[in-house]
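Asks: Below is the structure, and that's it, no one-letter string:
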């Protein structure tokens, strides 16, 4: 069983940056692909970015390409999402997720473990 906890959310002005972190306990993350998803007010949960178990492959939604960067440190059992040039439409609860397979994936249904989420609010 993998327990995930997100941190680093908060309130930021448009154009600003935040760095989200996801820390795992219970098991090492080294064999898991990791993903970030978000759910805005009144919206469905959507894919943001994913990284393979060995960082060899990353995926990102078109809406965040060039602005968000996913990375991981298996030795520290953490995954990060660096978010730059934030926009009001990035406002959402951001979730970290892990999937048993090592390959990156955009499908939220392929992820097995989820954190409780962290709120990101971008003001205009």
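Replies: Done, it's in. Since this is a predicted model, take the numbers as computed values, not measurements.
Asks: For residue 124, see how far away the residue most central in space within the chain is.
Replies: Nearest to the geometric centre of the chain sits residue 36, at 2.4 Å (C-alpha atoms, centre = their mean). To residue 124, residue 36 is 23 Å away according to C-beta to C-beta, to the nearest Å. All C-beta spots, glycine's among them, are computed from the backbone N, C-alpha and C.
Asks: likewise residue 14?
Replies: 5 Å.
Asks: what touches both of those two?
Replies: The contact sets of residue 14 and residue 124 overlap at residue 88 (C-beta atoms under 8 Å, 6 or more residues apart in numbering).
Asks: Could you check which of the two is surrounded by more residues?
Replies: Using other C-beta atoms under 10 Å as the criterion, residue 14 and residue 124 rank with residue 14 on top: 13 against 9.
Asks: so what's that one scoring on pLDDT?
Replies: As predicted, residue 14 sits at a pLDDT of 98.
Asks: Could you verify my assumption that it touches residue 89?
Replies: No - at 9.7 Å, residue 14 and residue 89 do not qualify as touching, with contact defined as C-beta atoms under 8 Å.
Asks: Check which helix or strand the residue nearest to the centre of the chain maps to.
Replies: Residue 36 belongs to strand 33-39 when assigned by DSSP states H and E.
Asks: I'd like the next helix or strand past that strand.
Replies: strand 46-51.
Asks: Run the chain-centre distance for that next one.
Replies: Distance of strand 46-51 from the chain centroid (C-alpha atoms, centre = their mean, to the nearest Å) equals 6 Å.
Asks: Show me what it is packed up against.
Replies: Counting contacts by 3 or more C-beta pairs under 8 Å, 6 or more residues apart in numbering; DSSP states H and E, strand 46-51 packs against strand 33-39, strand 58-60, strand 68-73, strand 78-83.
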